[in-house]
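> From the sequence below, what's the structure:
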Amino acid sequence: MPISTEHVGRNYPPTTPYQVSAAKIGEFAAAIGDPNPAYAGDEATAPPTFAAVVVTQAWQGMFDDPELGLALHRIVHAEQRFSYQRPLRVGDRVVSTLTIEKVRARDTADFITTSARVETVAGELVCTATATFVHSKEAA
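Next up is the predicted model:
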């Protein structure tokens, strides 16, 4: 069965724990061209969009779900928002859990809205990442 409103509320298990490191924060900051000194050193905080690194594993769980019939080559990442409780920091060990929040079918595409909680392995909520994906349907 292809993705539909019946899949709203589907939850995926937590991802493998991810260790936030100074090196990864530094690489990410360099990749986005942000020289903010807060992103450097042994006590760095991560740029706000760094959470996407962690959330990508959770998205992959949805993309790989055979019941949804999604094809990655037909998906466009349309929108992304982050709501933070606190910044990600060097030393954090975090996991992400994904929920399908909304599915809308429109002519030749499905619009899929997800939310992914990023939490420490101890259960502290760090942020919630909300994303919308557009999945084009195969031509009949």
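
> drop to CA atoms for contacts and neighbour counts, all remaining ones
OK.

> Apart from its chain neighbours, what residue comes closest to Asp70?
No, residue 70 isn't Asp; it's Leu. Excluding its sequence neighbours, the residue lying closest to Leu70 (CA to CA, 6 or more residues apart in numbering) is Phe63, at 5.9 Å.

> where are the low-confidence patches of the chain?
Counting by pLDDT under 70, the chain shows low-confidence ranges at 1, 139-140.

> Show me which helix runs longest in it.
Using DSSP state H, we find that the single longest helix of the chain is helix 51-63.

> packing partners for it?
Helix 51-63 is packed against strand 93-106, strand 109-120, strand 125-136, with contacts defined by 3 or more CA pairs under 8 Å, 6 or more residues apart in numbering; DSSP states H and E.

> Isn't the residue nearest to Leu70 up against Leu72?
Yes: counting by CA atoms under 8 Å, Phe63 does reach Leu72; the two are 6.7 Å apart.

> the more surrounded of those two?
Taking neighbours as other CA atoms under 10 Å, Phe63 and Leu72 compare with Phe63 leading, 16 against 12.

> If we ignore the residues flanking it in sequence, what's nearest the residue nearest the centre of the chain?
Ranked by distance to the mean C-alpha position of the chain (CA atoms, centre = their mean), the top residue is Val55 at 2.9 Å. Excluding its sequence neighbours, the residue lying closest to Val55 (CA to CA, 6+ apart) is Ser96, at 5.9 Å.

> So the one you found versus Arg106, what's the distance?
Distance, Ser96 to Arg106, by CA to CA, to the nearest Å: 29 Å.

> host element of Gln80?
Assigned by DSSP states H and E, Gln80 falls within strand 75-84.

> Would you mark the buried spots in that strand?
Ile75, Phe82 (16 or more other CA atoms under 10 Å).

> So what touches it?
Contacts of strand 75-84 with the rest of the structure, by CA atoms under 8 Å, 6 or more residues apart in numbering, involve 48-49, 126-136.

> which of the residues you listed sit farthest apart?
The most widely separated members of those, counting by CA to CA, are Val126 and Ser136 (32.2 Å).

> List the residues that contact Pro2.
Glu67, Leu68, Gly69, Leu70.

> which one of the helices and strands packed on helix 51-63 is the most hemmed in?
Ranked by mean neighbour count, these are led by strand 109-120 with a mean of 22 (mean count of other CA atoms under 10 Å).
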